[in-house]
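Colleague: Here is a sequence with its predicted model. Questions after.
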Amino acid sequence: MIRRAWTYMSGYVVIKVKGANLERFLNRLARADVPAWDTQRVAPHMLVARVGAGNFRRVRAICRGQGWKVAIVEKVGLPFVCAAALRRKALLAGAVLFMAALFVASNFVWFVRIEGGAEELEERIMAVVTQGGLRPGTPVDQIDRERLQRSLLLEVNELAWAAVNVKGTLAVVEVAERTVTETGESAAGNLVAAQGGVVEQVRAFRGHAVVKPGDIVRAGDVLISGFIPPESDEHRRLLEENRPPYVRADGVVRARIWYEGKGRAHLVSLRETPTGNRATGYLLRLGNRTWQVGNSGPPFESYVEARSAWEAEPYGGYPVGLERVVYIEVDREREPIDEDEALESAKAAALIDLEARVPEGAEFVDGPHVDVQIIIEEGRPIAQARAWVEVLGELGRFEPIEY
C-alpha cells in the first residue's frame, strides 16, 4: 500500500517497447538500475511495463540505437494531474470571454448522441428519449436523467444498462446490450479477458470490478467478478435470502489490444521438369492383408507421385482394393525471385493475415506496422514478414462460475 501511494505521488508511465531481443532490453534496464514493474509480454516482439516518470528519459536513452521503439501508453500519478490543472489555469483567462459568450447557449442541449448500442437499436432509443423530453433545444435543468434511464431499460428489452450524461450542449446516451450465453441469463459467472491488453475503461453493471484503467491483463484474467465481496450489502442480502453470494457479472471493459499477422514468400523457386522416366507400383488389399506388385518404392532421386485407387464391394466380408502409384522422375532447377518482389509479397500476405484477425469495427490506435526479414529454411531463403496493430476494443467474455 505504501509503495503504491508513493508511486502515485511521484508519478509513473505505462510504456510499450517494440523490437527484437526484448530480454536484452530488460537486462540493460537492470544494469542501469532503472526499476520496472508489471512487465508483460503482449506479443512476440512487444512488451508493456511501468516505470517511474523520472526514469523515462533514461529508458529512451537505453533504447536509442538498439532497434527498440518505446512509447508512452498512459501517464499516471499526481505530477500529471497537477500539470493538467496548471495548463487549464493558464488557459482560464482566455476562456472567460469565450465562456461568457456561450453562457446562455450552454443552458440548452443542442445535440443528442447515442453510444454503445447496435445501429438497429438507435432509432428506438432516440424515440424513447425524445418522448421523455430529451431533444435539441431542451433546457438542461429540465432533463430528468433517472427517468430517461428507467424508460430506456423498460421499453428497450435488449438493453442491460443505460445512462444519460450532459456534456455542455451535448447529451450522450450511453447504453450496453444484454449478452445471453448458452448457460442461460441467470447463470453466475465472471467477465474474463478474451486476450491480453492494457485496460482503458471499466464499467461494471453487475458484479465487482477487479481491474482499473492502466492495468495489464492476460487472457483468462478476471475483469469483473461474479462473487459479491463479504463487506457489501448485497452479499448480506443474498445470504439472508439463502442464496449464494454469486451473480452473473456484466459490464463493459475496453482495452488496448495487439493483433499480429504473418506472411512468407520464397526468394528461390523450384522448377520441376519431367525427364520422361516412369515407374509403376501396385498395392493389393484384401481385408487386413496387403501385397506389393511391381515397384515397391521410388527408383529415382527426384520424383513426383500420381496415385489412383479402386475399391470393390466386400468379398466374403473382407474389403478388396487396388492402389496404383506412378513415380515420375523430374529434374529440379532453382530459379531466383526478385528480392523486392518477394519482400512485398510477404508484407502483403502478413497484412491480409492481420486483417483477418482484427475484429470488424475495431478502433485503430497505432499501426498497422510491418517488418520483414530474410531467413534460411531447408537451405532456401525465405522472406518472413510480421504485421501488427494496436486497437481499442471490447475485452471481456463471460465465463460461468462453478461453486
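Modeller: Yep, that arrived. Numbering: from 1, shown residues only.
Colleague: Report the beta-bridge partners for the residue nearest the centre of the chain.
Modeller: Residue closest to the mean C-alpha point of the chain, counted by CA atoms, centre = their mean, is residue 257 at 3.7 Å. Beta bridges link residue 257 to residue 391, judged by DSSP bridges.
Colleague: what about it, distance to residue 6?
Modeller: Distance check for residue 257 against residue 6: by CB to CB, to the nearest Å, it reads 30 Å. Where C-beta positions appear, they are placed from N, C-alpha and C, glycine not excepted.
Colleague: give me every residue that touches the nearest residue to residue 116 once chain neighbours are set aside.
Modeller: Nearest residue to residue 116 in three dimensions, chain neighbours excluded: residue 175, at 4.8 Å (CB to CB, 6 or more residues apart in numbering). Counting by CB atoms under 8 Å, 6 or more residues apart in numbering, residue 175 makes contact with 114-117, 121, 125, 152, 156, 159, 161-163.
Colleague: Which helix or which strand is home to residue 175?
Modeller: strand 170-177 (DSSP states H and E).
Colleague: quick one: low-confidence ranges for the chain?
Modeller: 1-3, 84-106, 117-118, 160-161, 178-186, 313-317, 361, 403 (pLDDT under 70).
Colleague: Show me it divided up by domain.
Modeller: 2-80, 105-177, 193-267+337-380+388-393, 268-334 (automatic domain parsing).
Colleague: mind listing the helices for this protein?
Modeller: 2-10, 22-31, 56-63, 78-102, 119-131, 145-155, 233-240, 339-357 (DSSP state H).
Colleague: Which of those sits closest to residue 266?
Modeller: Among the helices of the chain, the nearest to residue 266 by CB to CB is helix 339-357 (6.8 Å).
Colleague: mind listing what's buried in the closest one?
Modeller: 342-343, 345-347, 349-351, 353-354 (16 or more other CB atoms under 10 Å).
Colleague: Return the member of the residues you listed nearest to residue 229.
Modeller: residue 354 (40.6 Å).
Colleague: show me the contacts for the closest residue to that closest one other than its chain neighbours.
Modeller: Spatial nearest neighbour of residue 354, excluding adjacent residues (CB to CB, 6+ apart): residue 261 at 2.9 Å. Applying CB under 8 Å, 6+ apart, one finds that residue 261 lies in contact with 350-357, 386-388.
Colleague: Also residue 124?
Modeller: 155-156.
Colleague: same deal with residue 373?
Modeller: 383-384.
Colleague: let's see it at 6 Å
Modeller: residue 384 (CB atoms under 6 Å, 6 or more residues apart in numbering).
Colleague: Give me the distance between the closest residue to residue 37 other than its chain neighbours and residue 78.
Modeller: With CB to CB, 6+ apart as the criterion, residue 37 has its nearest non-adjacent residue at 5.3 Å, and that residue is residue 50. Applying CB to CB, the value for residue 50 to residue 78 is 15 Å.
Colleague: Alright, I will stop here.
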